[in-house]
Structure formats: C-alpha cells, structure tokens
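A.B. asks: turn this into a model:
(4 chains)
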There are 4 protein chains.
Amino acid sequence: MLVSNDDGVLAPGIKALTQAMATMADVLTVGPDRNCSGASNSLTLTNPLRINKLDNGYISVSGTPTDCVHLAIRELCPQEPSIVVSGINAGANMGDDVLYSGTVAAAMEGRFLGLPAIAISLVGKQLQHYDTAAHWALKLVKGLLEHPLERDQILNVNVPDIPFEQIKGIKVTHLGARHKAEGLVRTQDPSGKEIFWLGPPGQQQDSEEDTDFNAVANGYVSITPLTVDLTAYKQLPTLNEWTKKL
Amino acid sequence: MLVSNDDGVLAPGIKALTQAMATMADVLTVGPDRNCSGASNSLTLTNPLRINKLDNGYISVSGTPTDCVHLAIRELCPQEPSIVVSGINAGANMGDDVLYSGTVAAAMEGRFLGLPAIAISLVGKQLQHYDTAAHWALKLVKGLLEHPLERDQILNVNVPDIPFEQIKGIKVTHLGARHKAEGLVRTQDPSGKEIFWLGPPGQQQDSEEDTDFNAVANGYVSITPLTVDLTAYKQLPTLNEWTKKL
Amino acid sequence: MLVSNDDGVLAPGIKALTQAMATMADVLTVGPDRNCSGASNSLTLTNPLRINKLDNGYISVSGTPTDCVHLAIRELCPQEPSIVVSGINAGANMGDDVLYSGTVAAAMEGRFLGLPAIAISLVGKQLQHYDTAAHWALKLVKGLLEHPLERDQILNVNVPDIPFEQIKGIKVTHLGARHKAEGLVRTQDPSGKEIFWLGPPGQQQDSEEDTDFNAVANGYVSITPLTVDLTAYKQLPTLNEWTKKL
Amino acid sequence: MLVSNDDGVLAPGIKALTQAMATMADVLTVGPDRNCSGASNSLTLTNPLRINKLDNGYISVSGTPTDCVHLAIRELCPQEPSIVVSGINAGANMGDDVLYSGTVAAAMEGRFLGLPAIAISLVGKQLQHYDTAAHWALKLVKGLLEHPLERDQILNVNVPDIPFEQIKGIKVTHLGARHKAEGLVRTQDPSGKEIFWLGPPGQQQDSEEDTDFNAVANGYVSITPLTVDLTAYKQLPTLNEWTKKL
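C.D. replies: Now for the predicted structure:
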C-alpha cells in the first residue's frame, strides 16, 4: 500500500494516515519535501528528482505529489502496491477546488498507473480530529478494494473535523460550485515593491443537498467519485454541428 | 481578449497567437516568466506573485499559467476580456496528458472566472508551423464566441505541425488513452548522487477513430470539449449502494 | 568581453552596460532569467542549467549570476573574453552588503576563472542615470585593462544616480560598515499563516572619509578593490598561539 | 548557542553538532528545509520565509543558511546566543570554495550580527567520523569564547574524516588555491533538451605547507581565520595612482 500527500512528508496528516493503514497492510509512505498545497497534477520536468530516506522510514522527494506517486510506484515500492491512499489533507478539497489539489492529484496519478486510489481530506480550521479521518480512510479503503471503480475513476473523501462518534454517516455527492474566488490581495513587500497574493477561495455557491459542501456542513463524510477523463461527452454532438461549417 | 500560455512569455507560440488574435480584438498577453510545462492547474500559494512589463507590452508573471490568468482577469485587464486563449503550446496536449498541461489549465482558469476559453497546441517535434495553429485559433475563437459552451466547459485543440493547406479538416474527438509512461530514468548527477528524471510519455494506446490521437495522426485538427467538473456521475448509484453498508 | 548582472537579463542596467561596452569591443551578454538580487556567490548544484537565446542576442540562463559567468566563459563565449563586466546593478553594493551581492559575485567568478573583472552599481532610489554609470564603466574598463590588478582582486564601483557632469570625481575607498539590519518583518500571509520578510538594510555606520558610503554620498564615484582571498592574515599569529594548547 | 548548517536541518552533521554543543550549553538548532550546498551568502529577498518546528525541537526554515541565522538571531532565539556554530558540513570547505559555501556563510551572518562564529566541515567522501568533527568543534568553541577574534573575523575549520585518535593535531592555515574547475558537463535531459551541470571542483593547486588543503591531507585539523571585510587594502595606493588620471 502506498501513502502520499501534498502537505509534505512531515505533516501530521500523513502520519495519522500511515499509522491507520499499517493496521491492515505493509505501507510505504512517500511525500514531498515541502508543502505542495495547490500543486494540482503538476510534474517536475525541467529538473531531476532526489530522494531522502528519513529516520522514520518515510521517503522524502524533492518534487510534487504527482512526482512522488509516480516515483514510488515505478522505483521505490518493492512490489506493486494494492492501492494509493493520499492525505490526510489539512483542509477541504471540495467543489471546483479539487482541480488545484495536490492530494487529489496524487490519487489520480495512482489511477493512471493502474491502481485503485483514494484521497482523504479533513475539513476545518484548527484541525484536531485526524483520527476521525484516519478511521474513515480505513473503512473506505477496505470497501474500495472489494468494490473496484471503473479504470478512470478515484474516490475523493472529505471528513468534517469532529469526533468520530459525532459523524452522522456517509453521503455520496457530486462536486459543488464556489463563487469566484474573492480576488487577489495587491500589496507591497517591505522594500516597497508591488506583489500579489492569491486570495482566499470564494464562498460555496452550490449548497444543494447532493453536493460535497452540503454533506460536510451537515456532519457527514462526503464521498465523490471523480473521473480522470475530462471529455465533455454530452457536448460532442453540438460541437460537431457548428465546427463542420468552419 | 486575454492570451496566455505555459511555455513562458518569451516562447514563439504565444507571439504567433497574440499576433493572430490582434487582428480581431485588443489583446493583453500575460505569461509565466519561465517554462511551466507540466504545471497543470497548480497555484502559487506560499509565495507572492510579481509582474514585469516587457518592452513588447507583454506581461511576465513569476508564477504558473493558472496564476497568470487569475491575476490578469482580476487585476491586469483594463476590462473583463471576452475570451481566454491559451497557447500555442510547443507540443501535443492530448489524451491523459491534458491533466498535466499548463496550457489547458490556463484555459480552465478562464472558465472558472466565467469566461469562454480555448487551449491550442501544435503537435510535432521540430515545430515549424505555428502559423497553421494561429489560423485555426482565429477561426475557432470566432466560432466559439458565436456558439458558447456550457458554463463548465472549454475547448482543447490540437493542430498537426503541417502547412495550413495540408490540413484535412476538423474532427471533434474525445480524449484517447496512453500506455503507462515508459518509466523513470534513474541516473547520477556529475557528482555521483542518485537522481531520477520523469521519463517520456508512453505510446498512445487508444487510437480508435474518435480520439484526439487518431485525428491529429491523420492530418486533422482535433477539437475536444473538456469539462471542469470531474464528478463521475455514472458511478454515483453503485457507490451509494456499497457505502450505505459501511 | 562578457557582460552579466544579477537583476536579470531583461533589466535596464544590463542593456545600458552592454551598449556602452559594445562601443569598444565585441560583447556577449549572459544574465539570469529572473531577478537574483541577494544571490551572493551561490551556485546551482542540485539542478542543471538551461539557456535561452533571446531576440536581442542576449542569453538567458536558469541560474544564478555565478552560474551565468561560469557557463558563459566555459561554454558560450566563442573565445575567452578579455574582461568580465557585471551590472549595472539597480542599487548600491557597498559596505558589508557586497557579500550578499550577485553583481559582485559575477565579477568574482570571472576572476576565479582568470579574467580581469569589475562590478558596477548605480546608487539611488528612483534610478534615472544609467548612462552616468555606463560612462564610468567604460572609462574604468579601459583603465583596468591597462593597469591589471593582482590575481585575486576585482574592482567594485558604485556611482551616484546623478547626471554625468555633476559627478565630482573618483574616490578610491574601503568598504564601510552598516549598523545591523533593522530586523525582520514578522507578518501573516492572506490565509493567516505566519511569514517573515528579511527587513531593509540598516543605516550606514561607518561614514568616515575613506569609505564607499562617504564617497557616494558626496557625489563621487567610489572604487573599492576587493580580494577573493578571505584569509585574515593578521590573525594568524594570535591564533597559532592559543590553538597550540588545545 | 545557535547551531545551523547548509546541508539541511535533517542532515546527519547538524545532529552530531547539536548533540556535542548540548553538552556545554542550551542549543537552538535552525536549518534550511532543503540541502543548500553552494548557497554562499545568498538571501531570500523576493519571497517570505516560513518556519516549521520539528518533532525533535529543531526549526526548519524555507530559506538559505544566511536566512536561517538571521531569522534565528532576530526572532527565534529566546535570548541572544553566545556563539553561532555552523556545520558539520558533509565535505570540505577549503581554498577558493569557501566563497560558495553556505556553511561558512551561516557563520559570517552570525558575525555580521555581532556574535562569535565558527564553521566546521568534515573532509572526505563516504563520511563516517562526524564524531571526530564534533569533538573538535567542542574544543574550538570553548577556545574561541576565551580568545575572541576581531569584530570582522570568523573561524573556518576542516577536519579529516578519520577516527579522533588518528588526528595529528591542529594547523593554523591560509586558504589554498584550486586549479580552475574542470568545466561543465554539457548533456541532454531524457527528452533531448540541452542542459549543463556545473562540474566537479578542480584539483587543488596550492599545496604548500601553510594551506588548508595541505593540513587536512596530512591528517591535521585545519583552522583558517576568515575576514568578512573584502577590501584589498594593499591595492589602495596603486589604484589611487592610476584612477586619479581618469
């Protein structure tokens, strides 16, 4: 079993996840050497990767979450892992934001290389309940191994940051939509030069019952199946029509 | 109109695209200060962004393609652009690889911020025919403005690197699949330390008639509608069933 | 003749310097692709370097000023240059700060590779008189070629940002001392996480007549010979004494 | 007492050094989050710094060795440390190479901020005897606190990688000279693009008896006093003469 994340190999979430997974299988933990939040599916192409084996047996990689999973499956795992588990992310990966997520990307990369894959995030601000997410990760990994998804699909799981016994249950959801992000912060560095910070994400826009936002807000674990095939199939006929005339 | 890319603001493709677009509208060109191939939808969250206005009027940003489009729409464009055009990428963005593409990500970011968006790539090795791609970009932008897509969709266009008059036409396609990438290159740097390079992409796997790979290989411009909503809707019922029992 | 800098190959200072040097010799201009202020003598060891030839003939390198000069002399120059000229830096390189300077480091690297070398900086805030610095650069390069320094020495030149005819003359100086830097700025990024910015440099401490600070403040061009041999020779006897007893 | 290094906060050398120093004083250990070999005195000016407190109490900084020492003294140390000890570097810092060294730079930064400072390196290939270097570090720190250097000086120490009892003694040395570096490696990345690696350092050139190269080669601990004032004082008169005529 392969565990990875995007918060970096020293983050608390990857430790909680590794410990939970180790109760059911051999685990190799491979994560980025720095916090890669917002890394999406980015790959390191212009520079080589370097690895560093830490005292606790985890492997640190000078790259992105996608690099980590690719490198681990191709070179570092003694045998092909049964599943790729990514997380536990410190914060939500819901709605439109999943496209920016390194946690989700790590799971996707496992899928591209032929393995079942799941991404787990803990939703809240001052996170306290990694064990809740770890518990659910364990349950869902077992379920997923029994009920495989299609070859282009992964599971994206968001768990509210509350005690395990307060979780109301599971909801299978689709991705909600956010309002546009609230804009950039335009400011100056201490030497007076203009800089821009990407602003905080927008408020959730789409909070109808079946969305991930709604499930988590109401104390449920949200489970969203994602596809790695981005083709918008329903648009093909219309597009065929007008492009024919170009 | 906003033009961006992932090969960097000094690349030949963004110049060809800017010049073509300038024949139909005012253009602002904003690109990354370095080659960001493989950047996917990554965001710069831990550091601020800085901009630099170049002699030719283009704006260089110390960030990713997604950063560029976000910053341009929110801060740099004098008014909201009518469309985001990303490219012309030096090389294919087809099949599974679109998930890693900064070119496609730049278009997606435009879509998230409410604008029509299109990504253009030139497919070949020693690229010579940016003008072919620029021509088709112009045609397709005009078409797209007349025939808007759904709110969660963009166009992904791949053009073979051949003279304009040799293009056989357009094919509307879905994303093909690759074989798994051919693996990493494990080697040493000159001081003898172990390094890994991400290997070249795998051979195309899925070359049936409706794929992007097939269209381009046969001399057609491939047009694939992509969605930014990754939910695998068809999987929802099955997932509902087994997770209910956890 | 080789021209380099640390503000990046697109900065105004390197252009002014290149144009001035081109009046007396063939010039190759090689600079970093990004602003490398504060780069000191840093080398890129864990990643490879890439080059990009720009439309104006300058060469952009994905590395530090030291990388640029090393790469230029070893690989890019058609024949060994007669001298390395670094600058024109946008801002002072005086006193203790020369140790952090990428501009000075570029010159030092030329010296390590056996060439005469000179670093030029323009001192002021809203810089307007690059031509003043370019004029003096030309004079001093000619002088330096006639009056070679020792094999471990370079010239560090600081020019006040005033019109050429207002310069009062040259002063040969030693490096002044600053007060300790005014401290860090401890603040938060927009998502509330703690960050630290290195603060502005301290006020000059040592403004006696022979320092670089004093010369420039009084309208003179400051010329300081620097050595690349850091050994504190005068300390050797004392040190010999007490370490003998360990 | 402040301990830092340039190999990164997880490197074995900083651990050995911290443990040795902890036998005589309270120690705060602050190092870069990545290997910064070759960082010289570089400063992080365009981005902010972030810190991360590790399980073992060490503090990891997203910056250079100079950043670490500056940040530690200004913000992280509960009170001003009595001395800055940098190392134990994995490999030599001798001769011309000290100008590129992050280990030496960390010590220099301590000096700029008014503290005694010492840099320690272990010289060899497959390093085994960090304890030898740690022993000597302890001896020399004690000696240095009793015999302060001038305000612009630090100690640079290189220890051969042999068992403690095989060390022949101490030599006070000056920096030797190297032959020019053996040149760059020009090669291709796996996708066929041209890259350059900085080559291995040149052979030592200057092996007369008083150099650091000579001392270490003969089984001695080499101690070189370095100055942070780069002024080439002996050149001032000559320079005064010819520049007067410009």
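
A.B. asks: can you pull out the strands in chain A?
C.D. replies: Along chain A, the segments classed as strands by DSSP state E run A:2-4, A:28-32, A:51-53, A:59-61, A:84-90, A:117-123, A:153-160, A:169-172, A:185-188, A:194-197, A:220-227.

A.B. asks: for residue B:67, which of those is the nearest?
C.D. replies: Between residue B:67 and the strands of chain A, the shortest gap by CB to CB is with strand A:194-197, which sits at 8.6 Å. To be clear about C-beta, it is placed using only N, CA and C from the backbone, and glycine gets the same treatment.

A.B. asks: would that closest one count as contacting chain B?
C.D. replies: Yes: under the criterion of CB under 8 Å from any CB of the partner chain, chain B is reached by strand A:194-197 at A:194-197.

A.B. asks: now do stretch A:147-162: distance from first to last residue.
C.D. replies: Terminal residues of stretch A:147-162 are spaced 27 Å apart (CA to CA, to the nearest Å).

A.B. asks: just stretch A:174-190 next, same as before
C.D. replies: End-to-end distance of stretch A:174-190: 44 Å, with CA to CA as the criterion.

A.B. asks: next one: stretch A:145-153
C.D. replies: First-to-last distance for stretch A:145-153 - CA to CA - comes to 13 Å.

A.B. asks: for chain B, tell me whether that stretch is touching it.
C.D. replies: Yes: judged by CB under 8 Å from any CB, stretch A:145-153 comes into contact with chain B at A:146-147, A:149-150, A:152-153.

A.B. asks: closest to residue D:214 out of those?
C.D. replies: Nearest member of the residues of stretch A:145-153 next to chain B to residue D:214, counting by CB to CB, is residue A:152, at 65.0 Å.

A.B. asks: picking up where we left off before, any chance of the residues of strand A:194-197 next to chain B in CSV, plus distance to residue A:68?
C.D. replies: As requested, the residues of strand A:194-197 next to chain B are exported to CSV (distance: CB to CB, whole Å):
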residue, distance to residue A:68
A:194, 35
A:195, 30
A:196, 29
A:197, 26
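
A.B. asks: make a ChimeraX selection of the buried ones in those.
C.D. replies: Per 16 or more other CB atoms under 10 Å in any protein chain shown, the buried members of those correspond to this ChimeraX selection:
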select /A:195,196,197
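
A.B. asks: quick revisit: out of the strands of chain A, nearest to residue C:207?
C.D. replies: Nearest to residue C:207, of all these, is strand A:185-188, at 28.9 Å by CB to CB.

A.B. asks: need the CA coordinates for that closest one. PDB is fine.
C.D. replies: Output in PDB follows, covering the C-alpha atoms of strand A:185-188 (Å, rounded to 0.1, in the frame of the first residue of the first chain):
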ATOM      1  CA  VAL A 185      -4.500  40.800  -2.500                       C
ATOM      2  CA  ARG A 186      -2.400  43.600  -4.000                       C
ATOM      3  CA  THR A 187       0.200  44.800  -1.600                       C
ATOM      4  CA  GLN A 188       3.900  45.700  -1.200                       C
END
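
A.B. asks: show me what that strand is packed up against.
C.D. replies: strand A:194-197 (3 or more CB pairs under 8 Å, 6 or more residues apart in numbering or on different chains; DSSP states H and E).

A.B. asks: among the residues of strand A:194-197 next to chain B, which ones lie close to chain C?
C.D. replies: Among these, chain C is touched by residue A:197 when using CB under 8 Å from any CB.

A.B. asks: quick check, nearest of the residues of strand A:194-197 next to chain B to residue B:79?
C.D. replies: Nearest to residue B:79 out of the residues of strand A:194-197 next to chain B is residue A:196 (CB to CB; 18.9 Å).

A.B. asks: picking that back up, I'd like the strands of chain A laid out as a markdown table, including mean pLDDT.
C.D. replies: Converted to a markdown table, the strands of chain A look like this (pLDDT from 0 to 100):
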| stretch | mean pLDDT |
| --- | --- |
| strand A:2-4 | 98 |
| strand A:28-32 | 98 |
| strand A:51-53 | 96 |
| strand A:59-61 | 97 |
| strand A:84-90 | 97 |
| strand A:117-123 | 98 |
| strand A:153-160 | 98 |
| strand A:169-172 | 96 |
| strand A:185-188 | 92 |
| strand A:194-197 | 94 |
| strand A:220-227 | 97 |
